[in-house]
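[1] Below are the sequence and a predicted model; questions follow.
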Amino acid sequence: MNDTRAGRIIIALDVRTKEEGLALVGALEEARVFKVGLELFTAEGPALFKKIKALRKEVFLDLKLHDIPNTVAGAVRSAGGHGVRMMTIHTSGGREMMAAAAEMAGRVSQETGRPKPLLLGVTVLTSLKGGDLEEVGMNGDVAGQVLRLAGLAKAAGLDGVVCSPQEIEALRREFGRDLVIVTPGIRPQWAAAQDQKRIMTPAEAVDRGADYLVIGRPITGAPSPREAFLRVVSELPQSAE
């Protein structure tokens, strides 16, 4: 399958063990990028990256780093040294923290000769609504908060942001193509919404300007993950190529 639309889909390996994760990587031969999140990383550690890369796939490390600047920069150094292609930083950690991460990503690339890891600022989690933000003392305007944090991420030197599909158009109006947009909360019409509240279909998200779509259970939980993946790719607009 030589379809560049497939490269827009990031498969979320929301499983417990490396055996489950690697089985999915092997089954999804057309997929190119696989997300390793907190559960799988905590269970298996960075040794899993080498196994995924041995299958000629890329790793998106989704740990949503949020700590003091030196600690986050150190984590970026470690991830870059393992050849991680993309990783997430919590924008609410502030400008200094994000800037330290961005500087370290560039340094790691120079030291290793590998492409610079793509740093993505997490704005507002797709499981949250306005009332959830208010409960923790934040402005309940989700779209406004996303724009504010995205602007901070751009100013700090991050490459892009993670946001729900509902904020894609506002981000494109504000920042044009200056930020890569990675969008979770993607559910084909034939899949259940499950625990994410601000969702959209793959085709709708691409039409609105998303660069990458993070999709997990609609594909990984399907009777045939490969068939589900190919079905999602086929539903993307041809302009996505």
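    Cool, the structure landed. Residues are numbered from 1 along each chain as shown.
[2] Kindly check the end-to-end length of stretch 6-16 for me.
    Chord length of stretch 6-16, first to last residue, is 25 Å (Cα to Cα, to the nearest Å).
[3] what does it contact?
    By Cβ atoms under 8 Å, 6 or more residues apart in numbering, the residues outside stretch 6-16 that reach it are 20-21, 24-25, 28, 30-37, 39-40, 43, 60, 62, 86, 182, 184, 202, 206, 210-217, 219-220, 229, 232-233, 236, 240. (C-beta placed from N, C-alpha, C; glycine too.)
[4] And for stretch 113-125?
    With contact meaning Cβ under 8 Å, 6+ apart, stretch 113-125 is reached by 64, 76, 79-80, 83-91, 98, 101-102, 105-106, 108-109, 133, 142, 145-146, 149-150, 152-153, 156-164, 167, 180, 182.
[5] Restrict those to the buried ones and give me that as a ChimeraX selection.
    Entered in ChimeraX, the line below selects the buried ones among these, by 16 or more other Cβ atoms under 10 Å:
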select :64,76,79,80,83,84,85,86,87,88,89,90,91,98,101,102,105,108,133,142,145,146,149,150,152,153,156,157,158,159,160,161,162,163,164,167,180,182
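[6] Looking at the contacts of stretch 113-125, which are in strands?
    Per DSSP state E, strands hold the following members of those: K64, M86, M87, T88, I89, H90, G160, V161, V162, V180, V182.
[7] Surely the third one and L65 touch.
    Yes. Counting by Cβ atoms under 8 Å, L65 is a contact partner of M87 at 7.4 Å.
[8] if you go through the chain in chain order, where are the helices?
    All helices of the chain, identified by DSSP state H, fall at 18-27, 38-44, 47-54, 69-81, 95-112, 130-135, 142-156, 168-175, 202-208, 217-220, 225-235.
[9] weakest of those in terms of mean pLDDT?
    Here those differ in mean pLDDT, and the lowest is helix 130-135 at a mean of 85.
[10] Contacts only, for R95.
    Applying Cβ under 8 Å, 6+ apart to R95 gives the contacts L152, A155, A156.
[11] Turn those into JSON lines, including distance to R16.
    Putting the contacts of R95 into JSON lines (distance: Cβ to Cβ, whole Å) gives the following:
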{"residue": "L152", "distance to R16": "34"}
{"residue": "A155", "distance to R16": "38"}
{"residue": "A156", "distance to R16": "34"}
